[in-house]
Every structure is written in C-alpha cells, then in structure tokens.
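Asks: what shape does this take:
(chains A and B)
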2 protein chains.
Amino acid sequence: MQLLKDRIRKDGKIRSGNVLKVDSFLNHQMDIELFGEIGKEFKRRFAEQEITKILTIEASGIGIACIAAQYFKVPVVFAKKNQTKNIAGDVYTGKVESFTHGRIYDIIVAKEFLKSEDRILIIDDFLANGAALLGLAKLVKDAGATLVGAGIVIEKGFQEGGTLIRESGVRLESLAIIESMSEDNGIVFRD
Amino acid sequence: MQLLKDRIRKDGKIRSGNVLKVDSFLNHQMDIELFGEIGKEFKRRFAEQEITKILTIEASGIGIACIAAQYFKVPVVFAKKNQTKNIAGDVYTGKVESFTHGRIYDIIVAKEFLKSEDRILIIDDFLANGAALLGLAKLVKDAGATLVGAGIVIEKGFQEGGTLIRESGVRLESLAIIESMSEDNGIVFRD
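Replies: So this is what the prediction gives:
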C-alpha cells in the first residue's frame, strides 16, 4: 500500500533494538483519514471472503479494527491483556510474550463473543515475532470458529512472525512489509 | 440519545457493586454501526466548536474516539496506562484511581501530541467517579491546550464524576445518564 509506505518513510523513526516508532500516526496519535484508507485496503484484499467478526487486541489494534469494520459491516471484539493470574468467568485465554516489553501476559476473550459459526478476520497494527497474532489465532481455534485471515498494517519482515503465520496456513495480508531498516540506510520495503 | 438508551436497556446487565456490563456492544464486543450513530451525535452536540484533536484513554475509549473523529475530521490521541514507576521521555503524566479495579495507574501522553494551540475534545465510554476524565483534563491543562469539552457515552449519574466535572467548568455531554439501577427495578435514565 503505497500511501502507507510513503507515510512510514516520512514519519517513521528508527530506534535501537529494531524498534520502529510510528506513534505520530499509528499507535499513539492516530491519523483517522489514513485509517480509512487502510480499512478500505483490507476490505479490498478480503472482498471475496465471508467475514462475521473482526478480532483484535488492545490497545493499538482497536482503532484500525473499528475503522476497518465499517467496510466489512461487522462488529469488532478486542482481546484484553491481563497480567493477573486468576481469570474468572467463561473466557478463552492464551499467553503472549511481548516483543517490545519482554514480559508474558494473558489474553482473554469472553466465550459469548466468539462462536463456532463465526468467520474471523484478525486485524492488528504490527507483526514482529508473531506472538500476539498466534495467541489470537489460538483463541479462534479454541472457539471452534473459522480464521479467514489476518490483516496487518506493518510487518517486520526480518523477524520470524510472518513466516510462522504463513507456514501455519493462515492467509496473511500485510500492507507494508519492512525487509530491513537501519538509522544509516533507512527503511527498505519488500517488493 | 434514545437509540443508545434502548440498547442499554436491552443488552446492559446489572451486576453487584454498581457495575453495568455493556460488553456485548460497547467495551469488549463493539457494535460499529452504533458507534457511528454515537459519533454523529457527539458531532451534533459540539458542531459549533472548533476542535483540533480528540483525546481518549486506552483501551475501551479508543474505538468510539476513532469512529467519532471521522465526523470531526481530526486525529485521535490516546493516553496510555502504565503501572510502572519510571516514565521516560517527554511526556505529560497524571495519576488515576480505577473505580473498577481499585488500583492507581499512571496515564501518559507524549508532549509532541498535545500542543498549546490544540483545542481538545475528550471522548470516553464511561464516566463514574470521574478519575479518568479529570486525569485527562489535567494532561490538557499541563500542555496549555484548550479543553473544549468532554463527550461520554454512559454516565453513572449516581456517582460523583459528572458533578465534579461540571462544577469544574468543563462542558460535559453524556449521551445516556443513569440515574439509578438495580437488578429489581432495572435502569432509570435522567430526564
């Protein structure tokens, strides 16, 4: 998606430890007009698919998922993150290790919002080591629902997440895949 | 807002400790079509105001803020919650005591995303004791920006938040104000 790549080049900031800061338009301040174009692009890529629900994870996936959901005309469910050990109620849970923060947390979705007849599209802002996406895919599987695919805004192609997801058979659509990045040479996109 | 009140009556669940569960359409599963109507109603109520940015707080405020922002044609900034003690970088911070969880956390916004020339509309899903909203208002004040007002989806009118905010001089627009609720008598709305 050229508009997105141009924006990443213009406003993305490369930090040590393979961190790409895009918090001026994606995950702290959010450019809603850009989100609209991202939502339309996800719809274009999954146009022929029947989708009943979009699943995302708090916090930074929620805005993109909600804007995209307008084009799919479906509700959004967001998985909650929890560091507590005791999870009450009828919920699906999984464990996710955060790349950015280096800690393990639980992700939780109430069972009543993921049904076996659901056809789920997962949407998230970033794909790096794939932990969050694999955790969400596990919740979908636990519910007996169908995972139609995953739409990611920015994939770090030099980390293993994309390969893991594609090899697991999940259809993955990333709108910008970063092949490499460095403060000296800037950002190189795949393709 | 009648559509919203009808939906709360239909799908809201009253739980002990003055908890109103609306997670089937507002803050776990999200009805994006309803969010569109909520966004339009916020725009109608603040139509005559110049607004440059919407400020909300993770996680459940983000979806509503993003959908509403489409009608205001402005970006959204969400304050991050943090339980860590060390906050790095150029950020505005405040402390908020959660009504639901009974713990204190920091809220954080990067200084570059709140400027003195900004005219801010705060949007959030719930107003109860007002802690989150007062915390967000403090960030706006710290930035020297103008707080145009606050748009809330559901206000618990029997808790002190609404009174505190209105007495502080902030224009507060709550789309549904609950006067009282009980498992026996159901929900009574103000007006």
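
Asks: for stretch A:66-83, which positions count as buried?
Replies: A:66-72, A:74-81 (16 or more other C-beta atoms under 10 Å in any protein chain shown). Where you see a C-beta, it was placed from the backbone N, CA and C, and this is true even at glycine.

Asks: my bad, should have said stretch A:26-34
Replies: Result for stretch A:26-34 [16+ other C-beta under 10 Å]: buried residues A:26-32, A:34.

Asks: so can I have a markdown table of those showing pLDDT and distance to chain B?
Replies: As requested, the buried residues of stretch A:26-34 are exported to a markdown table (pLDDT from 0 to 100; distance: C-beta to the nearest C-beta, whole Å):
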| residue | pLDDT | distance to chain B |
| --- | --- | --- |
| A:26 | 98 | 11 |
| A:27 | 95 | 9 |
| A:28 | 96 | 6 |
| A:29 | 98 | 4 |
| A:30 | 98 | 5 |
| A:31 | 98 | 6 |
| A:32 | 98 | 4 |
| A:34 | 98 | 9 |
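
Asks: which of those residues fall within helices?
Replies: Using DSSP state H, A:32, A:34 are the members of the buried residues of stretch A:26-34 that sit in helices.

Asks: rewinding a little: so which of the buried residues of stretch A:66-83 reach chain B?
Replies: A:66-67, A:69-70, A:74-78, A:80 (C-beta under 8 Å from any C-beta of the partner chain).

Asks: and stretch A:156-167, C-alpha only, in PDB?
Replies: The C-alpha coordinates for stretch A:156-167 follow below in PDB (Å, rounded to 0.1, in the frame of the first residue of the first chain):
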ATOM      1  CA  LYS A 156       8.700  -6.500  10.300                       C
ATOM      2  CA  GLY A 157       9.700  -8.900   7.500                       C
ATOM      3  CA  PHE A 158      13.100  -9.500   9.100                       C
ATOM      4  CA  GLN A 159      11.500 -11.100  12.200                       C
ATOM      5  CA  GLU A 160      10.000 -14.500  12.200                       C
ATOM      6  CA  GLY A 161       6.300 -13.800  12.800                       C
ATOM      7  CA  GLY A 162       5.300 -13.500   9.100                       C
ATOM      8  CA  THR A 163       7.000 -16.800   8.200                       C
ATOM      9  CA  LEU A 164       5.500 -18.600  11.200                       C
ATOM     10  CA  ILE A 165       2.000 -17.400  10.400                       C
ATOM     11  CA  ARG A 166       2.200 -18.100   6.700                       C
ATOM     12  CA  GLU A 167       3.600 -21.600   7.300                       C
END
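
Asks: what about the helix or strand encompassing residue A:7, near chain B?
Replies: Secondary structure from DSSP states H and E places residue A:7 in helix A:2-11. No: on the criterion C-beta under 8 Å from any C-beta, helix A:2-11 is out of touch with chain B, staying 11.4 Å away.

Asks: pull out the buried positions in whichever helix or strand comes after that helix.
Replies: Scanning forward in sequence from helix A:2-11 by DSSP H and E, the next helix or strand is strand A:13-15. Neighbour-count burial for strand A:13-15, counted by 16+ other C-beta under 10 Å, picks out residue A:14.

Asks: test my guess that residue A:127 contacts residue A:154.
Replies: Yes: counting by C-beta atoms under 8 Å, residue A:127 touches residue A:154, with 7.4 Å between them.

Asks: between those two, which contacts overlap?
Replies: Common contact partners of residue A:127 and residue A:154 (C-beta atoms under 8 Å, 6 or more residues apart in numbering or on different chains): residue A:174.

Asks: give the contact list for the residue nearest the centre of chain A.
Replies: Chain A has residue A:124 as the residue nearest its centroid, 1.7 Å off, counting by C-alpha atoms, centre = their mean. Shown in contact with residue A:124 (C-beta under 8 Å, 6+ apart): A:56-57, A:61, A:64-65, A:132-133, A:136, A:150-153.

Asks: rerun that using 7 Å as the cut-off
Replies: Applying C-beta atoms under 7 Å, 6 or more residues apart in numbering or on different chains, we find residue A:124 in contact with A:56-57, A:61, A:132-133, A:152.
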